[in-house]
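Student: Coordinates for the following, if possible.
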Amino acid sequence: MESLFTVSSTQVESARGKPGSRWVRPSVPQDGPAIVELMRQAGLQPHVEPEHLDWKYWRERADGSGPRSYVLTDGSTLLAHGAAVPGTLCWSGGRSRAIHMIDWGARREAIGAGIFLMNQIGRLTDVLFGVGGSNDTLTIMPRIGYQPRGSVTGYVRTLAPLGILRRPSASRWKRLPRMGRSVLWCMSAPRGDLRGWAVRRLGADEVEQVEAVLPQPRAGLAVFERDAALLRHALACPIVPVELYALERSGRIGGYFLLSYAPGQARLADCWMASEDPADWRALAHAAVREARRHGGMAELVAWASDPGFAQVLQSSGFHERLTLPIHLRSSGREAAPQQTLRIQMLDSDAFYLYIGGNELWA
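Tutor: The predicted model follows:
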């Protein structure tokens, strides 16, 4: 993956040193407490552990993605913060650098600070994209150049219906009906058919084994590039456990999937099969269900699908639709943005590790 950021003083500074000036700069670990305090003031629930902040914002990545956290400051106070999940969109005939913004917030008294910061970060890449967002964020997006580009559907497959009783719930009286529904979903789910596929867990020193089967664009489908450095960074996540699996048949790897584990909920963070046969993709889905169930303590497995093909695979593998999140795209105009369907997975944002408190289940 190319470096997304080559930051010069002219790009990130607006008026350093002038009275009342504000400027944008990459954050540093010493900013951690101030970033946490700023996000809390903005109504967000940030990670506070130094190791978590380091992994998200400052830990060096072998893919050369550069700075991943920026602040707007007046020299004494942080006025706004935004972090980048960097990626590269690839489609037949083109590729663009892309950023999914996370942990974006500003002090309420700093009018326009958050939008100013986003515009500055947007200058450093070809495409900004967003998946879902708060009501305030979804209201602001069209005003600052984001355009609707489809949606992501969230699916759930129940693993252990009784697990619903062990997790926090916003509505206690709904627990028993939800558990009953989950029992029915479990009973009606198809039995896994791996069709000769073997599943093997890979360590961080083995990720290169799946490089030959990483996502590739297909007719009408744009994908986010993957590489060993990105997968290794995900496996090093200190916020939730993350596991990488390869699917093999006749001694050859044909696909992979990445699982992450929030409290009570397993997440299919990323996956790909070097095949267009739906049966092979269903084998991947069933393998993910099996490994998530083996992990223990998981009430459900959830997944994202933004393209019809994968959505159909999930539905035919016992997953049920639970939510829809809008996708928005903002192009810098320097490079073309793909017109094809965007294939977005949880790995392309913070969705594979983000959870609040005890994490409310989807089922």
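Student: Might you list the low-confidence residue ranges for this structure?
Tutor: Applying pLDDT under 70 to the chain flags the ranges 1-20, 64-65, 167-172, 334-336, 357-359.
Student: Where do the helices of the chain begin and end?
Tutor: Remark: helices assigned in the chain by DSSP state H are 9-12, 32-41, 50-53, 113-122, 135-140, 175-188, 228-235, 278-295, 308-316.
Student: Just the angle for the fourth one relative to helix 32-41, thanks.
Tutor: In this case it means helix 113-122. Relative orientation of helix 113-122 versus helix 32-41 (axes from the mean of the first three to the mean of the last three Cα atoms, to 10 degrees): 120 degrees.
Student: about what we covered before: quick one: closest of the helices of the chain to residue 91.
Tutor: Nearest of the helices of the chain to residue 91, taken as Cβ to Cβ: helix 308-316 at 15.4 Å. (C-beta placed from N, C-alpha, C; glycine too.)
Student: just the angle between that closest one and helix 278-295, please?
Tutor: Angle of helix 308-316 versus helix 278-295, following the same axes, to 10 degrees, is 50 degrees.
Student: Show me what helix 308-316 is in contact with.
Tutor: Under the criterion Cβ atoms under 8 Å, 6 or more residues apart in numbering, residues 153, 155, 157, 190, 278, 281-282, 284-285, 303, 305, 321, 341, 343 lie in contact with helix 308-316.
Student: Drop anything exposed from the residues you listed.
Tutor: For those, a burial check counting by 16 or more other Cβ atoms under 10 Å picks out 153, 155, 157, 281-282, 284-285, 303, 305, 341, 343.
Student: As a markdown table, those residues with distance to residue 178 would be great.
Tutor: Listed next are those as a markdown table, based on distance: Cβ to Cβ, whole Å:
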| residue | distance to residue 178 |
| --- | --- |
| 153 | 20 |
| 155 | 16 |
| 157 | 15 |
| 281 | 28 |
| 282 | 26 |
| 284 | 27 |
| 285 | 22 |
| 303 | 19 |
| 305 | 22 |
| 341 | 32 |
| 343 | 30 |
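Student: farthest pair in those residues?
Tutor: For these, the maximum inter-member distance is 23.2 Å, found between 157 and 341 (Cβ to Cβ).
Student: still on that earlier bit, dump the helices of the chain to JSON lines, plus distance to residue 255.
Tutor: What follows is those, written out as JSON lines (distance: least, Cβ to Cβ, whole Å):
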{"stretch": "helix 9-12", "distance to residue 255": "40"}
{"stretch": "helix 32-41", "distance to residue 255": "37"}
{"stretch": "helix 50-53", "distance to residue 255": "30"}
{"stretch": "helix 113-122", "distance to residue 255": "34"}
{"stretch": "helix 135-140", "distance to residue 255": "34"}
{"stretch": "helix 175-188", "distance to residue 255": "25"}
{"stretch": "helix 228-235", "distance to residue 255": "13"}
{"stretch": "helix 278-295", "distance to residue 255": "5"}
{"stretch": "helix 308-316", "distance to residue 255": "12"}
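Student: Which of these sits closest to residue 206?
Tutor: Ranking these by proximity to residue 206 (Cβ to Cβ) places helix 228-235 first, at 9.5 Å.
Student: Give the other helices and strands that that closest one contacts.
Tutor: Packing partners of helix 228-235 (3 or more Cβ pairs under 8 Å, 6 or more residues apart in numbering; DSSP states H and E): strand 242-249, strand 252-262.
Student: out of those, nearest to residue 34?
Tutor: strand 252-262 (27.2 Å).
Student: Just the C-alphas of the closest one, formatted as CSV.
Tutor: Provided in CSV are the C-alpha atoms of strand 252-262 (Å, rounded to 0.1, in the frame of the first residue of the first chain):
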residue,chain,number,x,y,z
ARG,A,252,-3.8,-24.8,-1.8
ILE,A,253,-5.1,-21.7,0.0
GLY,A,254,-8.3,-20.4,-1.7
GLY,A,255,-9.5,-17.8,0.7
TYR,A,256,-9.2,-16.2,4.2
PHE,A,257,-11.3,-14.6,6.9
LEU,A,258,-10.5,-12.4,9.9
LEU,A,259,-12.5,-12.7,13.1
SER,A,260,-12.6,-10.1,15.9
TYR,A,261,-14.2,-10.7,19.3
ALA,A,262,-16.1,-8.0,21.2
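Student: so residue 92 touches residue 219, yeah?
Tutor: Yes. Counting by Cβ atoms under 8 Å, residue 92 sits close enough to residue 219 to count as a contact (7.0 Å).
Student: Tell me which of those two has more neighbours.
Tutor: residue 92 (13 against 8; other Cβ atoms under 10 Å).
Student: can you pull the contacts of the more buried one?
Tutor: Here residue 92 is in contact with 217-219, 340 (Cβ under 8 Å, 6+ apart).
Student: Please convert the buried members of those into ChimeraX selection syntax.
Tutor: Only the buried entries of the contacts of residue 92 go into this ChimeraX selection, using 16+ other Cβ under 10 Å:
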select :217,218,340
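Student: Residue 245 contacts residue 287, doesn't it?
Tutor: Yes. Under the criterion of Cβ under 8 Å, residue 245 makes contact with residue 287 at 6.8 Å.
Student: Skipping adjacent residues, who's closest to the residue most central in space within the chain in space?
Tutor: With distances taken as Cα atoms, centre = their mean, the residue of the chain nearest its centroid is residue 349 (2.4 Å). Sequence neighbours aside, residue 100 is the residue nearest to residue 349 in space, at 4.7 Å (criterion: Cβ to Cβ, 6 or more residues apart in numbering).
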